[in-house]
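[1] Any chance you could fold what I've pasted below:
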Amino acid sequence: MAKFSVGQTASFSKTITEKDVATFAEISGDKNPVHLDEAYAQQTRFGKRIAHGTLTIGLISAVLGNQLPGHGTVYMSQSIKFLKPVYFDDTITATVEILSIRADKGIVSIKTDCTNQHGDKIAEGEAVVFHPDAKSMS
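    You can find the predicted model right below:
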């Protein structure tokens with residue numbers, strides 16, 4: 001049985017590569033040229049290609065499912081605010097912090113943040129997940 005508590009944190013880091021973005025575009029079907037076409041992206045406010053926002057927040061899912069609360073976690077909802085773009089070769093760290101545990105339902109509310117290698121917050125939000133071990137906590 002997993003043991004977790006309010007205030008507990010975990011994180012996961014990954015460098016976002018051009019290959020990651022191309023693969024995500026194929027899997028998701030999101031082939032927006034701001035992600036794939038350098039000439040197009042140079043004409044945008046970003047000045048170069050950027051990663052998909054949903055690829056970036058996928059790192060949050062990695063933390064939730066593998067670390068905290070961990071295996072058995074099922075996403076119920078996620079609110080997210082994107083604050084800055086993610087460029088190729090940025091290293092993104094997704095950090096989660098348990099805000100509350102509703103033991104009677106097995107529901108855990110979690111603060112979710114993503115930062116880049118410069119410490120800039122690129123996304124922030126809150127997730128609600130189900131975890132079977134949360135039902136046995138009081």
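[2] biggest helix in this protein, by residue count?
    Longest helix of the chain, by residue count under DSSP state H: helix 53-66.
[3] buried set for that one?
    G53, L55, T56, I57, L59, I60, S61, V63, L64, G65 (16 or more other CB atoms under 10 Å). C-beta: built from backbone N, CA, C; applies to glycine.
[4] now these in a markdown table, with pLDDT?
    Formatted as a markdown table, the buried residues of helix 53-66 follow (pLDDT from 0 to 100):
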| residue | pLDDT |
| --- | --- |
| G53 | 96 |
| L55 | 96 |
| T56 | 91 |
| I57 | 92 |
| L59 | 98 |
| I60 | 98 |
| S61 | 97 |
| V63 | 98 |
| L64 | 97 |
| G65 | 96 |
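[5] Go through these and name the one nearest M76.
    M76 lies nearest to L64 out of those, by CB to CB, at 10.8 Å.
[6] hmm, back to that, turn the buried residues of helix 53-66 into a markdown table, columns for distance to E18.
    What follows is those, written out as a markdown table (distance: CB to CB, whole Å):
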| residue | distance to E18 |
| --- | --- |
| G53 | 17 |
| L55 | 12 |
| T56 | 15 |
| I57 | 19 |
| L59 | 17 |
| I60 | 22 |
| S61 | 22 |
| V63 | 24 |
| L64 | 26 |
| G65 | 25 |
